[in-house]
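Undergrad: One predicted model, sequence on top.
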Amino acid sequence: MKNKQLLNPINIAGKIGVSWSLLLLLAVLFVVPNAWAKAKDFDHFATGFVLSGKHENLGCATCHLKGVFKGTPTNCTGCHNGSIAMGKNEKHILVTNTCDDCHTTVAWMPANMDHSAVMGSCKVCHNGSTAPGKPANHVNTNGQCDDCHGTLAWSPARFDHSNITGTCASCHNGVNAQGKSASHIAVTADCVECHDTVGWRPAHMNHDVVTAPCGSCHNGNTATGKPGGHIKTNSECDSCHGTRAWTPANFNHENASGPCSGCHNGTTATGKPGNHVQTSAECSTCHSTNAWLPVNFDHGTVTGNCRSCHDKDKPVGFHAVVTADCGECHRPGGWLPANMNHDVVTPNCVQCHDNVKQPGKPGKHKPTSNACGACHNTIAWVPVTRMDHNEVTGLCANCHDGIFATGKPVNHLVTSSDCGACHSTNAWVPATGFDHSGVTGNCSINCHNGSGVGTPKPNNHFLTTRECDTCHRTTGWLPVRFTHSSSGYPKNHNNAGNCTMCHSTNADTIPWRSVSYKPYCAGCHQSKWRADPHLKTENPQVVLYTLTELQDCTTSCHIYTDATFTTILKTRSGHHNASDGGW
């Protein structure tokens, strides 16, 4: 025990004052031999990290730095990081840090390449230096190797046309890849114009890139040719047909020979329909090769009358209804202008003269029926030779306005009635149907004024400035009917006498018999006054009403109880009414 203490480096340093550096060196020399002795008997397999290959001959301190065993890394890059042990150099492939994906513990080379651990693109290695790259005859492409190749071998390759930068023919030349066969259509275009990358067939035919004539393919062998019933022609297909389909065809008659009827027989091509004009002439006599219509018709080749053909040509609702043949008005040169013959027209005028087919009534025309012939003739619209008032539908004043036709003269009665109220269509006079209801002026001023228009007042007529219709009616001068509307005239005055009983001077103005009692009853009936019947009171003495008190006979004359005249003993009213006809 003492010997061990003496040999203890710390005790020695304390006794002899040796420096710390020398002390550390002595400690290492003392400890290491003992550790090496123990390492020879250590089972490294028990740690989970088996020593194999080059790792078997390495000293412990190579990995267990500074004598630390616990926590030593077990992954490759923990040591092979270029510091503790050799790591990836700057030219190494860009991969993950798991060395044993490709390398073994025996040696770095040869390596078992695992492409799954590679992080960079294929061409980083496959550049012809680091690893085999694209050969000189490789397809022109900017794609990565793995777009087509697998990691096990270069072939077979999964070809992807999407990354190809060259033309189809750069590969499909019959050497590198299948090219055009000897029987291929003559074209200068690239394959992709008709084919796609999935397969050669079906092909999308593009006629635009074909350089040979149509017949080189469309010969009945390589492609569909002319059928047996085809029109005889030596022209190429594209003279009439398009590249999308055989029909419809843009037929070019210049390439056909022989007469029209050789094709237009109703079988090979459209022929004459059943309702065609009867003629033995060839189609080209009237028709052109552009279209059946319009027709350059030659009437000289047709026999029979016009209606044998033009039986349906008359436009419905437009042509005049006639029984005559077309030639009565029309000429072969054209339907218009027509030499109109009104003698062959069967309906009324307006069937044509409706302002659509032919000129009709202008906007300023007077309202009439549609019978033009009632006033006009077939030679010209004007002058109007006869006027038929029976066809007029409007008012007389529409024409008889003093401008278009004779109107009311200056001295005509003031009236709002139409001419026909009094006049007939034969003549203005005599006016037999006079109707006073349409007269708007005064009787005496306009007519009954002695000017000869209407009967005037006789010399013995009642003197008045009132109008005739105040007393008279339009049905006759008699009987006279006058209604007193003056406030001074008793209402409903019932008297069997005539007007002169009051109007003693035969005039509107009444001469009052007793002017002092005007305008009351006493003004005329003062002579009829009797005081006795008009008792006012009997107590204390008899008192009678005066004429002044009862000058309006229709007022009350009550009998009072006494002279104070405050209490009515007997009521008396309405004893004398103008409508009674007597007192």
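TA: Sure thing, it's come through.

Undergrad: got the residue ranges for the helices in this structure?
TA: 2-7, 9-16, 20-39, 60-63, 443-446, 522-525 (DSSP state H).

Undergrad: Show the contacting residues for the residue lying closest to A131 once chain neighbours are set aside.
TA: Spatially, and ignoring its direct neighbours in sequence, A131 is nearest to C125 (4.3 Å; CB to CB, 6 or more residues apart in numbering). Any C-beta I mention is one placed from the backbone N, CA and C, and that applies to glycine too. Each residue near C125 by CB atoms under 8 Å, 6 or more residues apart in numbering is listed here: 93, 118, 131.

Undergrad: Can you tell me which residue sits nearest the middle of this structure?
TA: In the chain, the residue lying closest to the centroid (CA atoms, centre = their mean) is V356, at 30.4 Å.

Undergrad: how many neighbours does C422 have?
TA: By the other CB atoms under 10 Å criterion, the neighbourhood of C422 contains 19 residues.

Undergrad: Just to check, it is in contact with A431?
TA: Yes - counting by CB atoms under 8 Å, C422 touches A431, with 4.2 Å between them.

Undergrad: where are the low-confidence patches of the protein?
TA: The model of the chain has pLDDT under 70 over residues 1-40, 303-304, 313, 315-318, 347, 452, 487-488, 490-492, 494-497, 581.

Undergrad: Check the gap between A281 and P332 for me.
TA: 15 Å (CB to CB, to the nearest Å).

Undergrad: Then N57?
TA: Remark: distance between N57 and P332 (CB to CB) = 126 Å.

Undergrad: quick one on the thing from earlier: give me the buried subset of the contacts of C125.
TA: 93, 118 (16 or more other CB atoms under 10 Å).

Undergrad: Among the contacts of C125, which are located in strands?
TA: Assigned to strands by DSSP state E, none of the contacts of C125 qualify.

Undergrad: could I get the contacts of C125 as CSV with distance to L413?
TA: Converted to CSV, these look like this (distance: CB to CB, whole Å):
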residue, distance to L413
I93, 129
V118, 125
A131, 130
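
Undergrad: S514 touches Q526, doesn't it?
TA: Yes - here S514 reaches Q526: they are 4.1 Å apart, a contact under CB under 8 Å.

Undergrad: Please, where are all the strands along this protein?
TA: Under DSSP E, the chain gives strands at 535-537, 543-544, 559-560, 568-570.

Undergrad: any chance of these in a markdown table, with distance to N290 and mean neighbour count too?
TA: Putting those into a markdown table (distance: least, CB to CB, whole Å; neighbours: other CB atoms under 10 Å) gives the following:
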| stretch | distance to N290 | mean neighbour count |
| --- | --- | --- |
| strand 535-537 | 128 | 18 |
| strand 543-544 | 130 | 15 |
| strand 559-560 | 127 | 17 |
| strand 568-570 | 123 | 12 |
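
Undergrad: can I get those in TSV with distance to V302?
TA: Listed next are those as TSV, based on distance: least, CB to CB, whole Å:
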stretch	distance to V302
strand 535-537	126
strand 543-544	127
strand 559-560	125
strand 568-570	122
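
Undergrad: between those strands, which one is nearest to G262?
TA: strand 568-570 (136.2 Å; CB to CB).

Undergrad: right, and the strands of the chain - which one's nearest K314?
TA: Among the strands of the chain, strand 568-570 sits nearest to K314 (CB to CB), with 104.4 Å.

Undergrad: tell me what the closest one is packed against?
TA: In terms of contacts (3 or more CB pairs under 8 Å, 6 or more residues apart in numbering; DSSP states H and E), strand 568-570 is packed against strand 559-560.
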